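Visitor: predicted coordinates and the sequence they were generated for:
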Amino acid sequence: MKRILFFIAAIGLSLTAAHFRPGDSAHSIGLISRDGGKVRHPIHLPAGKDAYTLILTASVIPPWRGDARVTVEGSPELDVSLHPSRPAIDLGLRRRPRFEDGVFHDLQPRDRLALWVRLKPRDAQRAEGRYSIRFHDTEHDKPVLEVPVILGDRGEGSRGH
């Protein structure tokens, strides 16, 4: 009986917490490829927050391989920090590409990666605009993935996530 009550309380707490989510975080899933990549949907977040936290997960689609530089482009400028997701304990079950100075090194077909992106507007009152998180092949400077980020007005055809 205790387990059932605990389970019901956990569900209630989770639903309550989800209702009061601050709206300053999002997740996007993409595919890195030589044809410019694909993303399931743009990221849309409300304007006016002090900071935003995004998690991007992506898989590398064959035959592309190489290094990919990650940039955030758009206006007004934001302070950006990029952090690859790493396991608390690496059991060596999966290959982990090295991330250094904004570049994923030695990406191979079928690699999967996760990147935390922290966006901090320089003026929270003006935290509105359209941005792109871009992965560029460092050898040819070609885009291999672009994730649209919209802060504020959704604009036509975008969905909030």
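Guide: Structure received.
Visitor: could you use CA atoms for every contact and neighbour count after this?
Guide: Will do.
Visitor: now the helices for this structure?
Guide: With DSSP state H as the criterion, the chain has helices at 2-19.
Visitor: show me where it has its strands.
Guide: Ranges of strands in the chain, per DSSP state E, are 25-32, 38-39, 43-45, 52-60, 66-75, 78-84, 98-100, 103-107, 112-121, 129-137, 142-151.
Visitor: quickly compare the ones you listed and say which is most buried.
Guide: The highest mean neighbour count among the strands of the chain, using mean count of other CA atoms under 10 Å, belongs to strand 43-45: a mean of 23.
Visitor: Provide a list of residues in contact with the one residue sitting closest to the centre of the chain.
Guide: Geometric centre of the chain, nearest residue: residue 56, 2.5 Å, by CA atoms, centre = their mean. Applying CA atoms under 8 Å, 6 or more residues apart in numbering to residue 56 gives the contacts 27-30, 114-117.
Visitor: same check, this time on residue 104
Guide: Contacts of residue 104 by CA under 8 Å, 6+ apart are 67-70, 97-98.
Visitor: distance check, residue 109 against residue 99.
Guide: Residue 109 sits 16 Å away from residue 99 when distances are taken as CA to CA, to the nearest Å.
Visitor: before we move on, back to that, of the contacts of residue 104, which is the nearest to residue 1?
Guide: residue 97 (46.6 Å; CA to CA).
Visitor: tell me, how many neighbours does that closest one end up with?
Guide: Neighbourhood size, residue 97 [other CA atoms under 10 Å]: 17.
Visitor: now it, what are its backbone angles?
Guide: Torsion angles at residue 97 (phi, psi; degrees, to the nearest 10) stand at phi -60, psi 150.
Visitor: residues contacting it?
Guide: For residue 97, the contacting residues are 104-107, 111, 113, by CA under 8 Å, 6+ apart.
Visitor: so residue 106 makes contact with residue 66?
Guide: Yes. Judged on CA atoms under 8 Å, residue 106 makes contact with residue 66 at a distance of 5.1 Å.
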